[in-house]
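Trainee: Sequence plus predicted model, see below.
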Protein chains: 2
Amino acid sequence: MNSIDYKKELDRHKKLLSITLILNSSLEPQVVHEKTIEGITEIVNAEVGSLLLFDEEKKELFFDVALGEKGELIKQIRLKLGEGIAGYVALERKSLIVNDVSKDPRFFKKADEKSGFVTKSILCSPLIYKNKLLGVIQAINKKNNDIFDYKDLELFESFANIVSIAIENANLYTRLKETFYQTAFALAEAVEKRDPYTGGHIKRVTEYCLAVAEELNLDKEKKENLELAAILHDIGKIGIDDYILRKPSPLTKEEFEIMKRHTSIGVEILNKVKHLSNIVEGAFSHHEKFDGTGYPKGLKEEEIPLIGRIIAVCDTFDAMTSNRPYRKGLDDNVAISEIKKQAGYQLDPLVVSAFISAYERGKIISQNRRQDNED
Amino acid sequence: MNSIDYKKELDRHKKLLSITLILNSSLEPQVVHEKTIEGITEIVNAEVGSLLLFDEEKKELFFDVALGEKGELIKQIRLKLGEGIAGYVALERKSLIVNDVSKDPRFFKKADEKSGFVTKSILCSPLIYKNKLLGVIQAINKKNNDIFDYKDLELFESFANIVSIAIENANLYTRLKETFYQTAFALAEAVEKRDPYTGGHIKRVTEYCLAVAEELNLDKEKKENLELAAILHDIGKIGIDDYILRKPSPLTKEEFEIMKRHTSIGVEILNKVKHLSNIVEGAFSHHEKFDGTGYPKGLKEEEIPLIGRIIAVCDTFDAMTSNRPYRKGLDDNVAISEIKKQAGYQLDPLVVSAFISAYERGKIISQNRRQDNED
């Protein structure tokens, strides 16, 4: 190679390196997928990039991200191993250049038909991590009507390795988080089931909280913290005796005082977890009231963590609209107007208005209105 | 640059890329740290590489990995921000080349004194992720008595970016796993506390299981699964009523039948968690017996998952050596000889021998012999 060729190669490797940094800077699968597609076009100077992921159960490839108006149509396409150029590459686990797809019988025309796009050339590499097929990446139509060459192929294979690792890391992280949250939920639900009359409460409150978070435009981290806090908000009930939890009639004043301890018991339990301090305070302030009349600490207004103020509204609504052994749940309308009345008194007015707006957009389905009633 | 220079640069970038792949292939901090140190010497052709991590609480840098016999001595060194060349780089957040450390007053001599190593030149870059200082990397002594130049510096900074991301990802993953396990443990302990006489059981059984896993040389993934299974093995007791759990005298036959349901309740609870199938069966087979006389299914020998066979031995030992309201715990010797007797009958002989060997190496400390008695 002469120095011009070397310089070109060096520049391409520098670009590859900078895209690598971007890819690895996220552990969110969706972000990694999007950055991958952006990277494809840059790395080998292609018109379009696409990413197909491998569905291990069905042994099929599918387009995960498809931008533009035709995106949804393309998402429906599923390729079996061996089907189309992508399926061929996935099956053979070898990269492939096809510089004139019209002459290649393997070419799968449906994607073009659905998207209205005209594929001329394809460079395709498999995504493999520790011998496991994750999918394939495709660069489509080299720019300037040029053709893909072996240098493109070499670089694209390096990129495929980088993508595979980034996807696997994001998957591992996401799976771990899901497992964590699902386990917390399973245990919280089991605690809830000690009282046969509160079935489905945690699930509904968690859903309501996430709907409110959406209205309030909370960022991903805050949403996740809120979700975990909502799941765990009643976990302190582990420490309340059966005879109080299951009492089929209203509690006496003394019993209610004991029941109230569930918030401080919750704090005690979860304070042992090093990195949960950001949710503990919130989760267990859900019986604090905006006007300072709540428990356990009698905090008011912004002294109450936002998480606690959100759970309070959702918890109140669910308590009002759910059935109890000694009374039927209130109608949604009655509960909603009660919540509105409490805005600025027991409940945070900002959270209440976010709740109402989520309710009006059909995001809050009370126990009354559920088909899949958990009780 | 001429073509020889470009080729050299290209080769260095290719090397950087291949090290990047290795670094990102692990989400274990320790592995990432080791691969970083290996990478340093390769990337800039240095005699030795070192990694100092930043302790955010104490605002100090410390050597995380230090190989060789002097490693432990070096590990004790802690540098304040601004102290030594590494501390300077961390404070200023700028890379630095010092090609003759003997003439630089910032040079911190203690590391050389402790290691007996002679530092001549240093190339040092800060590790920064999203504006957060993670540490610094140092390349020490360019090989062949050469000096570090600006090309080394440029490449080293790229490497520092890559390392920062890899370290942060591994930290995030590890922190999430810790939080998950600690949360599971906190909830399991809270369930345990409903019965005031079983305090510390889960903690001890989990420790015993990990000691046995060590003896059996289980790999990291199996150990982690076993740990989670041990933490959760009695979680089904959530579904057992107070009056049975807390009964201060031995259970009647009927009560015992109810108590036995805790294993199937545990299965029910955790079967809702998608990715826990590998631990569920194990965790809740801890009352199966090697000879097929256990519950809930009456499995025998290898039909019982290894996790269940390990928990069974540890659970049995702890049950025997712990105090109950109606009897004092047995002496270790008596319990050990009882366990030996059950090898091949109720208990798996291989697990029993691993347990005995862990016990003999002082890794199993019964409740009797604990100072920090949790009861």
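Mentor: Received the coordinates, thanks.

Trainee: Number of residues surrounding A:T183?
Mentor: For A:T183, the count of nearby residues is 26 (other Cβ atoms under 10 Å in any protein chain shown). Every C-beta, even on glycine, is put in place using the N, C-alpha and C of the backbone.

Trainee: I meant to write A:G298 there.
Mentor: For A:G298, using other Cβ under 10 Å, the count is 12.

Trainee: Which pLDDT value goes with the nearest residue in space to it that is not next to it in sequence?
Mentor: Spatial nearest neighbour of A:G298, excluding adjacent residues (Cβ to Cβ, 6 or more residues apart in numbering or on different chains): A:G292 at 5.6 Å. Per-residue pLDDT puts A:G292 at 95.

Trainee: what do you get for A:K110?
Mentor: 80.

Trainee: The residue nearest to A:G298 and chain B, how far apart?
Mentor: As judged by Cβ to the nearest Cβ, to the nearest Å, A:G292 and chain B stand 29 Å apart.

Trainee: With A:L176 instead?
Mentor: From A:L176 to chain B the distance is 6 Å (Cβ to the nearest Cβ).

Trainee: Quick check: that residue is in a helix.
Mentor: Yes: A:L176: assigned to a helix according to DSSP: H, G, I helix; E, B strand; the rest coil.

Trainee: Which stretches in the stretch 251-375 of chain A count as helices?
Mentor: In the stretch 251-375 of chain A, the segments counted as helices under DSSP state H, counting those that start in this stretch are A:253-260, A:262-270, A:277-283, A:306-321, A:332-342, A:349-360.

Trainee: looking at these, which has the lowest confidence?
Mentor: helix A:277-283 (a mean of 90).

Trainee: now that one, how far from the chain's geometric center?
Mentor: Here the centre of helix A:277-283 is set off from its chain's centre by 20 Å, with Cα atoms, centre = their mean, to the nearest Å.

Trainee: same thing with stretch A:78-90?
Mentor: The chain centre lies 28 Å from the centre of stretch A:78-90; the measure is Cα atoms, centre = their mean.

Trainee: next one: stretch A:356-374
Mentor: Using Cα atoms, centre = their mean, the offset of stretch A:356-374 from its chain centre is 21 Å.

Trainee: what sits up against it?
Mentor: A:199-200, A:203-204, A:207-208, A:211-212, A:214-215, A:317-318, A:321-323, A:329, A:331-332, A:335-336, A:339-340, A:355, A:375 (Cβ atoms under 8 Å, 6 or more residues apart in numbering or on different chains).

Trainee: run the last query once more with 7 Å
Mentor: A:199-200, A:203-204, A:208, A:211-212, A:214-215, A:321-322, A:329, A:332, A:336, A:340 (Cβ atoms under 7 Å, 6 or more residues apart in numbering or on different chains).

Trainee: buried residues in stretch A:2-19?
Mentor: Buried residues in stretch A:2-19, defined by neighbour count with 16 or more other Cβ atoms under 10 Å in any protein chain shown: A:6-7, A:9-10, A:12-13, A:16-17, A:19.

Trainee: What are the buried residues along stretch A:45-56?
Mentor: Buried residues in stretch A:45-56 (16+ other Cβ under 10 Å): A:46-54.

Trainee: Turn these into CSV, including distance to chain B and secondary structure.
Mentor: As requested, the buried residues of stretch A:45-56 are exported to CSV (distance: Cβ to the nearest Cβ, whole Å; DSSP: H, G, I helix; E, B strand; the rest coil):
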residue, distance to chain B, secondary structure
A:A46, 20, strand
A:E47, 25, strand
A:V48, 25, strand
A:G49, 20, strand
A:S50, 23, strand
A:L51, 18, strand
A:L52, 22, strand
A:L53, 18, strand
A:F54, 18, strand
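
Trainee: out of those residues, what pair is the most spread apart?
Mentor: Largest separation among the buried residues of stretch A:45-56 by Cβ to Cβ: A:E47 and A:F54, giving 24.4 Å.
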